[in-house]
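**Q** Here's a sequence, model it:
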Amino acid sequence: MQDEKMSFIGIVGNSTKNMAFYMIKEIFIKAGFSSIYSNDNDSIIILKSKRDKQIGLINIMPKDLKSILNLNLNFNIVVYTNVGQEERIDDDILKFFSSLKNVVVLNIDESNCINLLKGNDKALVMTYGLNNKATITASSLDIGNSIAFNYCLQRELLTVFHDKIEPLEFPVKLNLIGKENIYNSLAAISVALCFGVDINTIRKTLIEIKGLERNMEKIYDNKFMIIDNKCINPIDYNLTFETVQHLKYKSIILLNGMGIDFGNDNLQKIIDIILNWSSILGIKNISFYIDKKAELIEEDIRKMFSNTNFSYNVFFSLRDSIGYCLEILNDDDLLLIMGNDILNGTKDILLKELNQYG
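**A** Reported below is the predicted structural model:
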């Protein structure tokens, strides 16, 4: 039997690094909870308040829903966070959502979300999104090098303690990049309000969040800006560029990292995407950092750029590629770092280099 002092919050999404999950955790810590347990990959975190109340946060991948269902946990709140990712609704997903009896928070801008609750007449559904049909939405959006909007609760909300929250609106600012973080923060704020967290605590927490590693991570933002985003396929590159077009900068220096597993087909598609976006975004130079084991890629890159006048360089040293990018970077420029795991560790090198520059 579930301990009455323990509440459970499930966050369902396609990423092991779920920003909504991270935001919720940080809000509760700011509200006075402490972390008393986390598993190896931080997908399960137990928080404890000074009054001995405990909250279990579980970041749930769709493939794990069957296992979670077998635990028979009584979730107080489940959030479905998928943003812009079509998820096939299989039997395990339907069984999980049909079993829920308490609050379910759904992104109404996802086409499949309502189908998740077919046959479930027990759950209390809260929807969030950027259309006026959502229970929770955002108004007065200002998306650029940071994000500002008004959180709007459009109907009465019942907390897990059965207290009523009347419709309300308050301003929120995020030191983050990307429209998806509006969705993430709408979900996180809603969960926090359901647990009675003070609005000022929520707002202070969100403005201090710097983002997750290699997830449109803003590494530096002073004379110029440096952003790092992990990209493993052509779709990731397009999505990154779509986000970047809302930022304010003069020109882009692009550092692209590719390991031995990239493949020629992916390389051609990615270079085509970069060249297609180059004039729109103002990309003035691309530096390719290549794994020494994949040095044949250098010749492929040369052939792909042979009919262009585009400025590019190829490096086999990560430190050298970073040094060159910093050397040609001007005030108000953007250094955009994109690529797979070969670029892990870039942040540490960059921060050391920036400290030397002063």
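**Q** For residue 46, see how far away the closest residue in space to residue 54 that isn't next to it in sequence is.
**A** Ranked by CB to CB, 6 or more residues apart in numbering and with sequence neighbours excluded, the top spatial neighbour of residue 54 is residue 6, at 4.6 Å. C-beta here means a position set from N, CA and C on the backbone, and glycine is covered the same way. Noted for residue 6: a distance of 8 Å to residue 46, by CB to CB, to the nearest Å.
**Q** Compute the number of surrounding residues for residue 123.
**A** By other CB atoms under 10 Å, 19 other residues sit near residue 123.
**Q** rewinding a little: the more surrounded of residue 6 and residue 46?
**A** Neighbour comparison, residue 6 and residue 46: the larger count goes to residue 46, with 18 against 15 (by other CB under 10 Å).
**Q** Which other helices and strands does the host helix or strand of the more buried one contact?
**A** Assessed by DSSP states H and E, residue 46 sits inside strand 44-48. If contacts are counted by 3 or more CB pairs under 8 Å, 6 or more residues apart in numbering; DSSP states H and E, strand 44-48 sits against helix 19-30, strand 34-38, strand 54-60.
**Q** and among those, the most buried is which?
**A** Mean neighbour counts were taken over the helices and strands packed on strand 44-48 using mean count of other CB atoms under 10 Å, and the top value, a mean of 24, falls to helix 19-30.
**Q** Give me the angle between that helix and strand 34-38.
**A** For helix 19-30 against strand 34-38, the angle by axes from the mean of the first three to the mean of the last three CA atoms, to 10 degrees is 130 degrees.
**Q** what's around residue 277, how many residues?
**A** Count around residue 277 with other CB under 10 Å applied: 20.
**Q** check contacts around it.
**A** Counting by CB atoms under 8 Å, 6 or more residues apart in numbering, residue 277 makes contact with 241, 283.
**Q** And for residue 73?
**A** 2, 8, 10, 56, 58.
**Q** can I get the residues you listed in TSV with distance to residue 23 and pLDDT?
**A** Shown next, in TSV, are the contacts of residue 73 (distance: CB to CB, whole Å; pLDDT from 0 to 100):
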residue	distance to residue 23	pLDDT
2	25	47
8	17	97
10	15	97
56	17	97
58	15	97
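**Q** Can you tell me which of these comes closest to residue 99?
**A** Lowest distance from residue 99 to the contacts of residue 73 (CB to CB) belongs to residue 10, with 11.3 Å.
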